[in-house]
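Engineer: have a look; sequence and predicted model below, questions after that.
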Amino acid sequence: MRVRRPFAGTVDGVMDVPDDAPGPTPRRRLALVASGIAVVVLLALLVATFVVDKGKDETAPEGASTAEAVPERPGKPDVEGMLDTRLLTPEGRSVTLREELDGRPVLVNQWSKTCAPCVEEMPWLEQISKTNPQVKILGVNNLDGLGDATTRAEQTGITYEWVRDPAGDFAHAARTVGLPDTMLFSADGKLLASKIGKFENRAAIQRFLDSNGAGRSDGPGVGS
């Protein structure tokens, strides 16, 4: 007996196939084709998911935009290089961080004129310098000319000491990859802690000092 079964690929969509014909029936062939397509689609979805997951910033907190992720230092900072890099005061005097050590921990904050987070953070550092006299605050301007750096320092109202890194040598030794870049040194020049990126508020700077043994000892930290 011969029956008519649907089969893709024929002109009219049907063909005569004997029930006892060798090999899979057209219906079986259709099932095999459908299964193959499903496997291909599944594999494509798995590959796409893997590529997306690999592209995510694994260091960013859940829910955070990867565009806002803080970059990591591409290596260990060269502390000796930072201590001995020649920097310039606004008056043009050549100094080094080692020469600036005065028996207090030093909070070094790298900034530039065009760095908006730096400009926002500098008044907080000014307040920290007033409430934490046991810590020396030192700003290091990155690559700006003297006029631009001086204008920005005046606009932010900072009175703590700042110097210029006109060639970026200090930033190179620090392995800086973004501004602001803040480092806390002990009184004898050991690197205690560092942070790339802006602090959330003034209180966060205080916590940074407190958690690394350089905070105020005469009362609680400042508020936000």
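Structural biologist: Looks like it arrived, so ask away.
Engineer: alpha carbons only for contacts and neighbour counts from here, please
Structural biologist: Noted.
Engineer: quick check: pLDDT value at Thr66.
Structural biologist: Among the per-residue scores, Thr66 holds a pLDDT of 36.
Engineer: er, Glu62 actually
Structural biologist: 39.
Engineer: again, but for Val70
Structural biologist: Looking at Val70, its pLDDT reads 71.
Engineer: doesn't it fall inside a strand?
Structural biologist: No. With DSSP: H, G, I helix; E, B strand; the rest coil as the criterion, Val70 is located in coil rather than a strand.
Engineer: what's near enough to touch it?
Structural biologist: Under the criterion of Cα atoms under 8 Å, 6 or more residues apart in numbering, the neighbours of Val70 are 196-197.
Engineer: that one and Ile128: what is the separation?
Structural biologist: Taking Cα to Cα, to the nearest Å as the measure, Val70 falls 24 Å from Ile128.
Engineer: now do the contacts for Leu184.
Structural biologist: For Leu184, the contacting residues are 105-108, 191-194, 209, by Cα under 8 Å, 6+ apart.
Engineer: buried subset of those as a ChimeraX selection?
Structural biologist: In ChimeraX, this line selects whichever of the contacts of Leu184 come out buried by 16 or more other Cα atoms under 10 Å:
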select :105,106,107,108,191,192,194,209
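Engineer: any chance of the contacts of Leu184 in a markdown table, plus secondary structure and distance to Met183?
Structural biologist: Listed next are those as a markdown table, based on DSSP: H, G, I helix; E, B strand; the rest coil; distance: Cα to Cα, whole Å:
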| residue | secondary structure | distance to Met183 |
| --- | --- | --- |
| Pro105 | coil | 10 |
| Val106 | strand | 8 |
| Leu107 | strand | 6 |
| Val108 | strand | 5 |
| Leu191 | strand | 7 |
| Leu192 | strand | 8 |
| Ala193 | strand | 6 |
| Ser194 | strand | 4 |
| Leu209 | helix | 10 |
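Engineer: which one among the contacts of Leu184 gets closest to Thr114?
Structural biologist: The shortest approach to Thr114 among those belongs to Val108, at 18.4 Å (Cα to Cα).
Engineer: quick check: that closest one touching Leu138?
Structural biologist: Yes. With the criterion set as Cα atoms under 8 Å, Val108 and Leu138 qualify as a contacting pair; they are 4.9 Å apart.
Engineer: domain map for the chain?
Structural biologist: Taking automatic domain parsing as the domain assignment, the ranges for the chain are 2-55, 77-211.
Engineer: so which of those is the most surrounded?
Structural biologist: Using mean count of other Cα atoms under 10 Å, the stretch among those with the largest mean neighbour count is domain 77-211, at a mean of 18.
Engineer: could I get the average pLDDT for stretch 96-103?
Structural biologist: Over the span of stretch 96-103, the pLDDT mean works out to 98.
Engineer: what's next to it, contact-wise?
Structural biologist: Outside of stretch 96-103, the residues that reach it under the criterion Cα under 8 Å, 6+ apart are 82-87, 187-189.
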